[in-house]
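A.B. asks: how would this look folded up:
(one chain, ligands or ions: 1)
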Amino acid sequence: MERSFEKYFRQNRLPHMWCPGCGNGIVTKAVIMAVEKAGLSQDNTVIVSGIGCSSRASGYLDFDTLHTAHGRAIPFATGVKLANPELNVIVLTGDGDCTAIGGNHFIHGCRRNVDLTVVLFNNDIYGMTGGQASPMTPTGKRATTAPYGAIDRPFDVCRLAEAAGAIYVARSTAFHVQHLADMIKGGLDSRGFSFIEALCQCPTAYGRNNKMSDPAKMMMALRDSVLMKAAWDKLPPEKQAEKFPIGVLYQKEYVDYAKAYDTVIEKAGGRA
Ligand code: SF4
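C.D. replies: From the prediction side, this is the model:
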């Protein structure tokens, strides 16, 4: 039987290096489902990633891809988009890559409203580099750099994206695969900086440190940690704090950076 979505993967790069039970493969599949639903072709879509377990996804996908430096996926993607605004540019990044090393690039990408679709694989930890705490590690959870539990507060990265200027902000999880694909498709359909937080499990680096290394149980915990936004909105504030809302959290229209840059080109006498 032919495997679905096979054409989107570089067969000679498989099998992948992710641990059994890792959420990265599920999120990667959701990205591909969204690409197919949005009707994008592999020839006019570029995938850019930074460094980390999730950023390995670009190497497995049969598109034009860039596997860049740690935290630098968004600047590379911005360059691709400005060089050829006709391309669909997708950024795959992790919580450490996007919100720590690449934190400044992230907020300025949002502020400029570069027409990118950024998918953040949020597993609450640095996986590839050994389980260090990231800016998304929940307070009290353990990491190799926080053996007694993290004392920092994690970002609400969706609110950060909204405050910084993103025009489409959504959240879903590796448990809700169809929903996640729909959230990513919404980003692909939007003209401007689109941000999708994909909550997912890292049983190896996060799970082992936090006595929850069973991937199936981690996925159940993911399922139980969220609520559809419409239902979440009806909760009293003290109950809202116990769950993450999932769905489209914010949406607006604003001129994207490549279009704004066209006005500069025009004022400067047009393209050579
Ligand atoms: Fe996945 Fe974690 Fe293993 Fe990395 S360390 S491949 S994020 S399970």
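A.B. asks: just give me how far the host helix or strand of residue 178 sits from the chain centre.
C.D. replies: Using DSSP states H and E, residue 178 sits within helix 177-189. Mean C-alpha position of helix 177-189 versus that of the full chain (Cα atoms, centre = their mean, to the nearest Å) differs by 11 Å.
A.B. asks: what's the answer for stretch 103-120, then?
C.D. replies: 11 Å.
A.B. asks: ditto for stretch 99-107
C.D. replies: That offset, for stretch 99-107, works out to 13 Å (Cα atoms, centre = their mean).
A.B. asks: what do you get for stretch 122-136?
C.D. replies: In terms of Cα atoms, centre = their mean, the centre of stretch 122-136 is found 14 Å from the chain centre.
A.B. asks: which elements pack onto the helix holding residue 178?
C.D. replies: For helix 177-189, the elements it packs on are helix 24-38, strand 117-122, strand 168-173, strand 194-199, strand 244-251, judged by 3 or more Cβ pairs under 8 Å, 6 or more residues apart in numbering; DSSP states H and E. For glycine as for every other residue, the C-beta is placed from the backbone atoms N, C-alpha and C.
A.B. asks: which positions within that helix qualify as buried?
C.D. replies: 179, 180, 181, 182, 183, 184, 185, 186, 187, 188 (16 or more other Cβ atoms under 10 Å).
A.B. asks: thought residue 30 was touching the second one, still the case?
C.D. replies: Yes: in this structure residue 180 lies within contact range of residue 30 using Cβ atoms under 8 Å: 4.2 Å.
A.B. asks: which residues are in contact with both of the two?
C.D. replies: 172, 174, 198 (Cβ atoms under 8 Å, 6 or more residues apart in numbering).
A.B. asks: out of those, who's nearest residue 23?
C.D. replies: residue 174 (3.9 Å; Cβ to Cβ).
A.B. asks: returning to that earlier point: now tabulate the buried residues of helix 177-189 in a markdown table and tack on pLDDT and distance to residue 60.
C.D. replies: Converted to a markdown table, the buried residues of helix 177-189 look like this (pLDDT from 0 to 100; distance: Cβ to Cβ, whole Å):
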| residue | pLDDT | distance to residue 60 |
| --- | --- | --- |
| 179 | 98 | 23 |
| 180 | 98 | 18 |
| 181 | 98 | 17 |
| 182 | 98 | 22 |
| 183 | 98 | 21 |
| 184 | 98 | 17 |
| 185 | 98 | 20 |
| 186 | 98 | 24 |
| 187 | 98 | 20 |
| 188 | 98 | 19 |
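A.B. asks: in a markdown table: the residues you listed, plus distance to the ligand.
C.D. replies: A markdown table is the format used below for these (distance: Cβ to the nearest ligand atom, whole Å):
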| residue | distance to the ligand |
| --- | --- |
| 179 | 21 |
| 180 | 17 |
| 181 | 20 |
| 182 | 24 |
| 183 | 20 |
| 184 | 19 |
| 185 | 24 |
| 186 | 25 |
| 187 | 22 |
| 188 | 24 |
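A.B. asks: which two among these are spaced furthest apart?
C.D. replies: Maximum distance among these (Cβ to Cβ): 15.1 Å, for 179 and 188.
A.B. asks: also near the ligand: which of the shared contacts of residue 180 and residue 30, exactly?
C.D. replies: Among those, no residue lies close to the ligand (Cβ under 6 Å from any ligand atom).
A.B. asks: and those, which is closest to the ligand?
C.D. replies: Closest to the ligand out of the shared contacts of residue 180 and residue 30 is residue 174 (10.8 Å), distances taken as Cβ to the nearest ligand atom.
A.B. asks: pull the contacting residues for the closest one.
C.D. replies: 23, 26, 27, 30, 180, 198, 199, 200, 201, 219, 222.
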